[in-house]
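*Asks:* For reference, the sequence and a predicted model appear below.
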Amino acid sequence: MCIKNITKGTVVADHMRPAATFWQRLKGLLGTSSLPIGHGLVIKPCSSVHTFGMNYPIDVLFVDRHHRIIKVVENLLPGKVSMASGSQYVVELPAGTARLAACSAGDILELQ
């Protein structure tokens, strides 16, 4: 799966994997030692995330049902929680990706 920021004309990540089942959402990125650039996780449905048990920071995009980014959290450190009311799904990315892809609240994403 690939995610593009169609508002800015950038590729956010080209190696995304979905987390749609209860167990996939529960596990998320737990047990991974890193997240390579260009990779990430789409968690659906989801309006909150945590980084308990992780050993690296991530960027998080909270996205509404119209694929509009409603909140960008850059460099969410291990042991933290973040949430966004109205979020239908979350995109978890390597730290620094949101800035590189110029992602900001209001941008529209396309999942391919």
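*Replies:* Okay, I see it.

*Asks:* CA atoms for contacts and neighbours, from now on please.
*Replies:* OK.

*Asks:* Helices of the protein, start to end?
*Replies:* For the chain, the helices defined by DSSP state H occupy 22-27, 97-100.

*Asks:* Any chance of TSV for those helices, columns distance to V60 and mean pLDDT?
*Replies:* Below are the helices of the chain laid out as TSV (distance: least, CA to CA, whole Å; pLDDT from 0 to 100):
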stretch	distance to V60	mean pLDDT
helix 22-27	14	89
helix 97-100	8	98
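
*Asks:* which one of these is the most hemmed in?
*Replies:* helix 97-100 (a mean of 17; mean count of other CA atoms under 10 Å).

*Asks:* how far does that helix sit from the chain's center?
*Replies:* On the basis of CA atoms, centre = their mean, to the nearest Å, helix 97-100 sits 11 Å off its chain's mean C-alpha point.

*Asks:* And the helices of the chain: which comes nearest A13?
*Replies:* helix 97-100 (8.2 Å; CA to CA).

*Asks:* what's that closest one in contact with?
*Replies:* With contact meaning CA atoms under 8 Å, 6 or more residues apart in numbering, helix 97-100 is reached by 12, 37, 59-61, 72, 74, 104.

*Asks:* Can I get those in CSV including distance to C46, pLDDT and neighbour count?
*Replies:* Formatted as CSV, the contacts of helix 97-100 follow (distance: CA to CA, whole Å; pLDDT from 0 to 100; neighbours: other CA atoms under 10 Å):
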residue, distance to C46, pLDDT, neighbour count
V12, 19, 98, 28
I37, 22, 95, 15
D59, 15, 98, 20
V60, 12, 98, 27
L61, 11, 99, 24
V72, 14, 99, 20
E74, 18, 98, 18
S104, 19, 98, 19
